[in-house]
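Participant: my questions concern the predicted model and sequence given below.
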Amino acid sequence: MPYVNCKLRSEVLQRKVDIQMYFPTDLPDEVGYEPKGTLTLLHGYTNSGDDWVQMSSAARYCADNALVMLCPSCQNSFYQDSTHGAWKTFVTEEMPMLLSRSFIFPHEREHNYIAGLSMGGYGALYLGLSRPDLYAGCASFSGAVDVSMLVDMYAGSPAAKEFYEVFNTTDGTLSDDSNIYCLLERVSKLPENQQPKIFLSNGLQDIPVYNIKGQNDALWSKAKDMPLAHIKRMEWDGVHEWNFWDRSLVYALDYFLENGYADKKHGDWTAEVY
C-alpha cells in the first residue's frame, strides 16, 4: 500500500512520533513507480501531519511527480531543538535514518525537499536554510516567517509563554540560529550550487489574526536584495486556508522540479462549458 501510518520511536525525543507517508510505488507501468525524490511537509500550530493527507491533494501531487511524501507530527515545536524536545534533530537527522531502515526512498540532497504551512512554513525555511546540505528546496506557504513580530502580537497570552520557551528567549528576541533573516544571509554567502531553492507564498488578505502578509512583506523586503541564487515569492487573493496551501504546493513543486507542473495543473483545472 502506498499510504503508511507510521509510529517511530525517537531516541532524541524519548517518545513515539506519528508520521503519515505516501509512496508512489503502485502507479501503472506507463506512469512509472520508482520514487524520484522526497518531500517532507510540515504542519501548522496546534495541528498535525494528518492534515496534509486529510485536507489537501498533496499525495496526488506527489504521485504526479514520483515523490515520496513524509508528514511528521511535531506538536507546537516550531521545529526547534528546545526544552520541548529536539525536533530539528528529529526531522533532519533521526527521522530519515530510522525510516531508511524499513523503506527505500531517495534522500540525497538533490532529490530532497521540504515545505510547510503557517508554523510549518517557518519550519520549512528554518530547517531548509539551517541545513542547505540536506535540502535542494524549501517552501513556506502562509508562513509565520517573522516570529519576533508574532511574539509581539501575542504578548502576555498563553501562546506567547510557549513561544518564549520554544525559542529560549525572555524578551521575544530570537537567536541568529532561529532567525530566518540571519539564515537567509548565511545561505546567500554560499556558492550558488549549494544554495537551496526558496519559495514563499502568502494570500493578499491573510492579515488577521497573524498578519501573515505583513510578516512575508517584511521578510521579502530584505530577502529580495540579498545575493540569493534561487528565491521566488508569489501572492494572490487568499486567506489562511487549505485552498491556498493546496495551490501553493503546486507552484512550489513546479519551481523545485522545473517540469512545467503548474501549467499542467492549470490545464486540468480548466473545462469547457457546454
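Facilitator: All right, it came through fine.

Participant: do you have the strands of the stretch 101-250 of the chain handy? List them.
Facilitator: Applying DSSP state E, counting those that start in this stretch to the stretch 101-250 of the chain gives strands spanning 112-117, 137-141, 197-203, 231-236.

Participant: which strands or helices does the shortest one pack on?
Facilitator: If you count contacts as 3 or more CB pairs under 8 Å, 6 or more residues apart in numbering; DSSP states H and E, strand 137-141 packs onto strand 112-117, helix 119-130, strand 197-203, helix 242-257. All C-beta spots, glycine's among them, are computed from the backbone N, C-alpha and C.

Participant: so for the second one, what gets flagged as buried?
Facilitator: Neighbour counts using 16 or more other CB atoms under 10 Å place Met119, Gly120, Gly121, Tyr122, Gly123, Ala124, Leu125, Tyr126, Leu127, Gly128, Leu129, Ser130 of helix 119-130 among the buried residues.

Participant: residues contacting the fourth one?
Facilitator: Think Tyr122. Phe78, Tyr79, Gly116, Ser140, Gly143, Ala144, Val145, Val147, Ile180 (CB atoms under 8 Å, 6 or more residues apart in numbering).

Participant: next step: those residues restricted to helices.
Facilitator: Among the contacts of Tyr122, the subset assigned to helices under DSSP state H consists of Val147, Ile180.

Participant: of the contacts of Tyr122, closest to Ser201?
Facilitator: Comparing those against Ser201 with CB to CB picks out Ser140 as the nearest, at 7.3 Å.

Participant: wait, the closest one touches Met119, no?
Facilitator: No. Assessed by CB atoms under 8 Å, Ser140 is found out of contact with Met119, at 10.3 Å.

Participant: returning to that earlier point: got the buried residues of helix 119-130 as CSV, with pLDDT columns?
Facilitator: Putting those into CSV (pLDDT from 0 to 100) gives the following:
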residue, pLDDT
Met119, 97
Gly120, 98
Gly121, 98
Tyr122, 98
Gly123, 98
Ala124, 98
Leu125, 98
Tyr126, 98
Leu127, 98
Gly128, 98
Leu129, 98
Ser130, 98
